[in-house]
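A.B. asks: When you get a sec, could you give me coordinates for this:
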Amino acid sequence: MLEALGLGADVEAVYRGMLADASGGVAELGARLGMPEARVREGLDRLVDLDLLRPSRDSPGALRAVSPELGLELLLRRQEEELARQQRDLARSKAAAAQVVSEYAGLRPNTETDGAERLVGMDAIQSRLEKLAHGLVRECLAILPGGALSEASLEASRPLDQRALSRGIEMRSVYQDSTRNDPTTLAYARWLTEQGAQVRTSPLLPPRLLVFDRTVAVVPIDPQNSRLGALCTSAPGIVASLVSLFEQTWESAVPLGADRPRPSDTRPTTAELELLKLLASGMTDETAAKRLGVSLRTVRRQMAALMERLHATSRFEAGLKAAQQGWL
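C.D. replies: Next up, the predicted model:
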């Protein structure tokens, strides 16, 4: 139940056991829980690290369990701080990657220069992806924003993905949360997991990214204008920055088969929080919908639900109340 907060099943069991009865030693606790002493000790150590167990003032040398109200609040706050740190790191990596890509936007089409090539046209891009997929040795990393993907795009990717997975290539892909609402894209993502790939989703993603064996990366030159083509680069510094961007995105994403945890009935979901941030930054509903990979109707429905939850009669009032509650 508390795995979303960083507590595994054994740790949660030990915590519950300590809340019920903190008397006795490790052996007694293990006997009550039906758990080996080694696992009990590991659970106790983890709970101390999380500040859910503290020294007892009544029994020197013993431990007492922190109340769930205080303890779980501490865990939530720690998660929020870690998420904020990841978002700051992600923003820095996105800015660095965007600057690097812009420097190569002027390359002559389909001509390699200093380890970078500007690919123009779907045929040129598809041909290069086929060649890179054929030469894969170890892994392929992918960020796929925009929500629903076209059936043509998925069908073009299927043989490449299937061939790579059949050769034991590790594949990790991050889709946008809105993908879960599109049957075709969701079915493809599930097919990938059945074939052995790992798939996660996130409400807000950086631009599309493919990395092959951590040595070659393919990114759009301009995410807002796909006609400008893609940049294929093997420059070590650029690829390393893009791999770092992927890893930060991956860490904050949720496995495809898991639901995003909601801290409480009143706090916003991760997707709702991202929507609030986008609108608070001055984005229009249309732009926010595009960034989140959802329809304009979905954005307006989510915003109406947030206003109702905040008991706000206007978006301005909703923004104020969201900030007062620490959501922004």
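A.B. asks: Quick check: phi and psi on Arg214?
C.D. replies: For Arg214, the backbone dihedrals (degrees, to the nearest 10) come out as phi 60, psi 20.
A.B. asks: hang on, it packs against Val239?
C.D. replies: Yes. Arg214 lies in contact with Val239 (C-beta atoms under 8 Å); the separation is 6.5 Å. C-beta here means a position set from N, CA and C on the backbone, and glycine is covered the same way.
A.B. asks: higher neighbour count, the two?
C.D. replies: A count of neighbours by other C-beta atoms under 10 Å puts Val239 above the other of Arg214 and Val239, at 20 against 16.
A.B. asks: number of nearby residues for the closest residue to Leu310 other than its chain neighbours?
C.D. replies: Nearest non-adjacent residue to Leu310, counting by C-beta to C-beta, 6 or more residues apart in numbering: Lys321, 4.5 Å away. Neighbours of Lys321 under the rule other C-beta under 10 Å: 17.
A.B. asks: Same question for Ala95.
C.D. replies: Neighbours of Ala95 (other C-beta under 10 Å): 10.
A.B. asks: wait, is it part of a helix?
C.D. replies: Yes. Assigned with DSSP: H, G, I helix; E, B strand; the rest coil, Ala95 falls within a helix.
A.B. asks: All further residue positions should be reported with the first residue as 13.
C.D. replies: Sure, I'll start numbering at 13, so the last one becomes Ala107.
A.B. asks: Which stretches in the chain count as helices?
C.D. replies: Per DSSP state H, the chain carries helices over the ranges 21-32, 38-45, 49-61, 80-115, 134-146, 163-178, 195-206, 248-264, 282-292, 297-304, 308-322, 327-336.
A.B. asks: Select, out of the ones you listed, the one closest to Leu217.
C.D. replies: helix 248-264 (6.5 Å; C-beta to C-beta).
A.B. asks: okay, the angle between that closest one and helix 282-292?
C.D. replies: With axes from the mean of the first three to the mean of the last three C-alpha atoms, to 10 degrees as the basis, helix 248-264 and helix 282-292 are set at 120 degrees to each other.
A.B. asks: Off-centre distance for helix 248-264?
C.D. replies: Between the centre of helix 248-264 and the centre of its chain there are 13 Å (C-alpha atoms, centre = their mean, to the nearest Å).
A.B. asks: Identify each buried residue in it, please.
C.D. replies: For helix 248-264, burial by neighbour count (16 or more other C-beta atoms under 10 Å) applies to 250-251, 253-258, 260-262, 264.
A.B. asks: Val23 contacts Gly55, correct?
C.D. replies: Yes. Between Val23 and Gly55 there is a contact under C-beta under 8 Å: 4.7 Å.
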